[in-house]
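[1] next input, structure requested:
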Amino acid sequence: VALAAFDPTAPRLTEEDRERSLYVLSLALDLDEAWTAARDLTLTIAPHMETQGYRHEWIDFLAKGLAQAQKQGDQKAQAHLHLLLARIYQFMDDGAASDSHLATSRTLAAAIGAQDLLVSILDRMAAAASNRSEFSLARSYAEQVLAMLGPDDPSGAVAHHILGLIALRQARWDEAITEYEHVYALRQQQAIPRFLAQALRDLAFAHRFAAHYETSITYYQRALTMLAESGDTYEYAVAHNDLGIVYWFTG
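    A predicted model of the protein is given here:
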């Protein structure tokens, strides 16, 4: 019932959905016979728990899910849960724990040939390397992802985003713009408003650094329109802040 009530297109997990889901999982993750539904509910709400800032409490649920996945011999779920734990620890600035979970996740995903998970794992490894300014390593991970995918596969959007970010940090503005344009083209195929708005915001950001202020303003305004419609107040606030910086540059 909790899983059926959840709207995967919603920009946020409502308090009611969150509390019901966590209550259900506090019971179901201990029950062998409930594993399939408990696993699906855990993986469904995980992105929202992550983006809405839940950390220590959510780690406990992921750890309990991981223990049950190991008991059930569900290797794909194990790989996915290790990846989710890696992301949480990365947000908590615990690089050692994050790297450990990523390595385990990668080994499990490779063993069962789960390419979709391998893409997500390598994306996260590329992001971590980029955050440490290890740009050659980050590029290597991103290029591994793109080598696994077709040129127009939307799954390559994060890898192109990482390459754009590297170009920005190395002051290669035109290259960054090209990468972010590719991200936007791939996100259009998915037609998920939040991802499209983020891609537009990234394009605006790159044009700002290239001093293309009018173009930057246009992209930010388009992103703001989409974010206002989606109800994603956090991303909406970030885009307003960024647009304010552009106007400050233009006097």
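[2] the helices in this protein, which residues?
    Secondary structure of the chain by DSSP state H: the helices cover 2-5, 15-28, 35-51, 56-72, 75-91, 95-112, 115-131, 135-148, 157-169, 173-190, 193-209, 213-230, 233-249.
[3] export only the CA atoms of the least confident helix or strand in the chain by mean pLDDT, formatted as PDB.
    One helix or strand of the chain scores below all others by mean pLDDT, DSSP states H and E: helix 2-5, with a mean of 87. The C-alpha coordinates for helix 2-5 follow below in PDB (Å, rounded to 0.1, in the frame of the first residue of the first chain):
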ATOM      1  CA  ALA A   2       2.800   2.400   0.900                       C
ATOM      2  CA  LEU A   3       4.600   1.700  -2.400                       C
ATOM      3  CA  ALA A   4       1.400   2.000  -4.500                       C
ATOM      4  CA  ALA A   5       0.600   5.400  -2.800                       C
END
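[4] please point out which parts of stretch 154-171 sit buried.
    For stretch 154-171, a neighbour-count test (16 or more other CB atoms under 10 Å) marks 154-168 as buried. Where C-beta positions appear, they are placed from N, C-alpha and C, glycine not excepted.
[5] typo on my end, it should be stretch 50-70
    Under 16+ other CB under 10 Å, the buried positions of stretch 50-70 are 50-51, 54, 58-59, 61-62, 64-66, 68-69.
[6] tell me which two of those sit farthest apart.
    Largest separation among those by CB to CB: Thr51 and Gln68, giving 24.1 Å.
[7] ok so, going back, let me know the closest of the buried residues of stretch 154-171 to Ser136.
    Checking the buried residues of stretch 154-171 one by one against Ser136 (CB to CB), the nearest turns out to be Ile166, at 9.2 Å.
[8] got a list of what the closest residue to the closest one other than its chain neighbours touches?
    Leaving aside its chain neighbours, Ile166 sits nearest to Phe135 (5.0 Å; criterion: CB to CB, 6 or more residues apart in numbering). Listed by CB atoms under 8 Å, 6 or more residues apart in numbering, the contact set of Phe135 reads 129, 166, 169-170.
[9] gap between Phe135 and Ala167?
    9 Å (CB to CB, to the nearest Å).
[10] how about Tyr219, what does it touch?
    Tyr219 neighbours (CB under 8 Å, 6+ apart): 200-201, 203-204, 207.
[11] in JSON lines: the residues you listed, plus pLDDT.
    Below are the contacts of Tyr219 laid out as JSON lines (pLDDT from 0 to 100):
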{"residue": "Leu200", "pLDDT": "96"}
{"residue": "Arg201", "pLDDT": "95"}
{"residue": "Leu203", "pLDDT": "97"}
{"residue": "Ala204", "pLDDT": "97"}
{"residue": "His207", "pLDDT": "97"}
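[12] looking at those residues, spot the one nearest Ala185.
    For the contacts of Tyr219, the nearest to Ala185 is Leu203 (10.8 Å; CB to CB).
[13] Ile177 is in contact with the closest one, correct?
    Yes: the criterion here is CB atoms under 8 Å, and Leu203 meets it with Ile177 at 7.0 Å.
[14] who has more neighbours, the two?
    Leu203 (25 against 22; other CB atoms under 10 Å).
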